[in-house]
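1. Next comes the sequence, and after it the predicted model I'd like to discuss.
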Amino acid sequence: MAGGKETPRQKMIGMMYLVLTALLALNISKEVLNGFVKVENSLQDTQHTLKGKVSETLTTLEVKYAQNKEKVGPFMDKAREVRGRSDNLVNYITQLKGRCMATSEGKYDEELANDFANFIGKDETGMDTTISLAVIEKKDEYQELTAFMVGSEPQNPKYDENDPWGATALRKNLEAYRDYLKGVKLVDSQGTPRELPEYIKVQLDERFTFENEIEDGKEVLWEAANFYDVPLAAVMPLMSKMIVDVQDAQEDVLSWLLGGIEAKSYKFTDLKPLVVPESNYILRGDSFRADVLLAAYDATNAPEIYIDGTKWDGRDSSLLAYEGLEGLTIGSDGMGKLRIPTRGMNLGEMNFKGLIRFQGPDGNIEPYSFYTPTITVAEPALVVSPTKMNVFYRGVPNPVEVSVPGVPQDKIDVRIDGGHKISKQPDGSYVVEPSSNSSVREANITVSAELPDGSKKTLPAKNFRVKRIPDPVAFWTGKKPTDKGITKAEVLSFAPVAARMEGFDFDVQVRVKSFTLKISKDGAFSDLPSGNNRITPDQQEALKRVRRGNVIYLEDILVSMPDGTERDLPPMKLKITG
């Protein structure tokens, strides 16, 4: 979700899209598909909001044009040109969305121009749009959609200059629009050349970037990453986001044109209420704390903003030596876009020091120091609670991750009841060792978190079941109880009898303590015991004499388990097949 002045709503939609896209790699469930429907609906709501903002800006320009055609004329002409290019691109993307829907539903024929018409219409505001994704039956369809948008070769997407319907054509249209906006310029009524500010050009590059992506460790083209084997439910919100980006870019340029008319008349072009929170993570029971202020900014007189990328020591209050530092990108809302990568940083709380340089009314540059609110750097964590799998096993170390979003690891206290043990590891994870008492079948983990004001809050306990390790499976010469036959050559390998934990994710080693070899030959049975896992000399002699059709039994297989118990495993019956 690159570039521009994203609202909290847009950021939330973007996060939902990223999470749902990640879930696609796991399973295209009904819930995931419905999640994409919600994202699509939210993005269409955002389109209406942005259309209203664009209409409001254009109306203001029209009013000013009516009042002073000579002064406003160059700005109005350019605004109408930008609106036309933007409307054409939005209509193109909408048409492409309709064709994608028709393709996935099996109702699109390239030779029939109106084949997709049933998927496109006008909403209550008169805006061109596609039908709701919710009514599409094949939301998870991707094969026909991939063929339509990319073709069969992800590293060589289809493209025909005479066919505008495809992923590469879409990218080229968006790139052409970006380059057109970056080249917007005019000469005002005083003969002064006006060119789009650099910060808006940077935003356009960030918003309309189509770089190759990395999937499964391999570099893939943008077209393949976004449209190859991607279901319709994910493609529709992606293309709706493109429409939002076009509307956002259009509004940025129109706002610059409007601001240019009065650039010499006002010291500040707008006022903006700001809420600066102490923390974005609030635990229930704590208080939300923030500074609220009214900020003024001038979109035509962008400040220079610098930030020291090293952690502020909390003592040095001198002006930041900004020489050699790269200034922040300034958005059309007058705000510097601060981004401090946390890769390689220590975990915990920290502040950063910065400097704003702004041209005052007298033309002189005034410096202003500032410090960021306290931020907390923590490891990223996905909290998933499989309620049917919350189990600890006796006799093995059970690794667990414990974290409280927004609270550093050194500010939480983790405990467990029932006579069980929990210990913190050097990497910050924990290991649970259940009690050996078989009558204790539950464990509750409780966490106390220290809040920013120093108080402590105990979070609700997490309940786990405590179970014994599942039974292992006996193995002999590569055979297990479900096998029925064995060759004489395999028998004469005299391999020891072993036991393994099949389908058990823990690294558990079990040992066979004893077993009995029984051989059926000519209607008679001979029982030969072994006091360990190895074939005894007597057993070897007996096995040498078996022939095709004889039956070998391994019975009374006793194994010792890590939890201190001993278990009898099911017998093995193997017939000599050759």
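-> That came in fine, so what should we check first? Numbers count the residues shown, from 1 in each chain.
2. Name the single longest helix found in this protein.
-> Among the segments of the chain that qualify as a helix by DSSP state H, the longest is helix 30-67.
3. Now do the helix or strand just after it: distance to the chain's middle.
-> Using DSSP states H and E, the helix or strand that directly follows helix 30-67 along the chain is helix 69-104. Computed by CA atoms, centre = their mean, to the nearest Å, the separation of helix 69-104 from the middle of its chain amounts to 31 Å.
4. the inter-axis angle of helix 69-104 versus helix 30-67?
-> 160 degrees (axes from the mean of the first three to the mean of the last three CA atoms, to 10 degrees).
5. List the buried residues for helix 69-104?
-> Buried positions in helix 69-104, judged by neighbour count with 16 or more other CB atoms under 10 Å: 71-72, 74-76, 78-79, 82-83, 85-86, 89-90, 92-104. Any C-beta I mention is one placed from the backbone N, CA and C, and that applies to glycine too.
6. next one: stretch 49-68
-> Counting neighbours by 16+ other CB under 10 Å, one finds that the buried residues in stretch 49-68 are 50-51, 54, 57-58, 61, 64-65.
7. closest to residue 558 among the residues you listed?
-> Using CB to CB, residue 50 is the member of the buried residues of stretch 49-68 that sits closest to residue 558, with 73.0 Å.
8. residue contacts, the closest residue to the closest one other than its chain neighbours?
-> Nearest residue to residue 50 in three dimensions, chain neighbours excluded: residue 247, at 3.9 Å (CB to CB, 6 or more residues apart in numbering). In this structure, residue 247 makes contact with 47, 50-51, 54, 86, 90, judged by CB atoms under 8 Å, 6 or more residues apart in numbering.
9. Tell me how many other residues surround residue 391.
-> Taking other CB atoms under 10 Å as the neighbour definition, residue 391 ends up with a count of 13.
10. gap between it and residue 465?
-> Using CB to CB, to the nearest Å, residue 391 is found at 5 Å from residue 465.
11. the inter-axis angle of the helix or strand encompassing residue 168 versus helix 69-104?
-> Of the helices and strands defined by DSSP H and E, residue 168 is found in helix 167-182. Using the same axes, to 10 degrees, one finds that helix 167-182 and helix 69-104 are set 170 degrees apart in direction.
12. average pLDDT for helix 167-182?
-> When pLDDT is averaged over helix 167-182, the result is 94.
13. And stretch 145-155, by the same measure?
-> On average, stretch 145-155 scores 89.
14. follow-up on the earlier one: so the residue nearest to residue 50 sits in a helix?
-> Yes. Counting by DSSP: H, G, I helix; E, B strand; the rest coil, residue 247 is part of a helix.
15. Tell me the pLDDT of it.
-> Reading off the per-residue confidence, residue 247 sits at a pLDDT of 92.
16. same thing with residue 270?
-> Among the per-residue scores, residue 270 shows a pLDDT of 72.
17. How many residues are close by the spatially closest residue to it that is not a sequence neighbour?
-> Here the nearest residue to residue 270 in space, its sequence neighbours aside, is residue 297; by CB to CB, 6+ apart that works out to 6.2 Å. By the measure other CB under 10 Å, the count of residues near residue 297 is 19.
18. Hmm, residue 297 is touching residue 274, no?
-> No. Under the criterion of CB atoms under 8 Å, residue 297 lies out of contact with residue 274, with a separation of 10.3 Å.
19. which residues of the stretch 251-400 of the chain score low on pLDDT?
-> 262-269, 275, 278-289, 299-300, 360-364, 378-388 (pLDDT under 70).
20. hey, where'd the helices end up in it?
-> For the stretch 251-400 of the chain, no helices turn up when DSSP state H, counting those that start in this stretch is the criterion.
21. Find the nearest non-adjacent residue to residue 534, please.
-> Nearest non-adjacent residue to residue 534, counting by CB to CB, 6+ apart: residue 496, 4.9 Å away.
22. what separates the one you found from residue 515, distance-wise?
-> The separation that residue 496 has from residue 515, given CB to CB, amounts to 10 Å.
23. shared neighbours of these two, which are they?
-> By CB under 8 Å, 6+ apart, residue 496 and residue 515 have these common neighbours: residue 533.
24. Which one of the two is surrounded by more residues?
-> Comparing residue 496 with residue 515 by neighbour count (other CB under 10 Å), the higher total belongs to residue 515, at 28 against 15.
25. hey, what's that one bridged with?
-> Beta bridges link residue 515 to residue 530 when assigned by DSSP bridges.
26. can you check residue 555 too?
-> Going by DSSP bridges, residue 555 forms beta bridges with residue 516.
27. unless I'm mixing things up, residue 412 is touching residue 451, no?
-> No. Under the criterion of CB under 8 Å, residue 412 is not in contact with residue 451, lying 11.0 Å apart.
28. buried ones in stretch 541-549?
-> Within stretch 541-549, the residues that count as buried by 16+ other CB under 10 Å are 542-543, 546.
29. I should have written stretch 133-144 there, sorry.
-> Neighbour counts over stretch 133-144 (16+ other CB under 10 Å) mark 133, 136, 138-142, 144 as buried.
30. May I have the residues that are in contact with residue 423?
-> When contacts are counted by CB under 8 Å, 6+ apart, residue 423 touches 430-431, 433.
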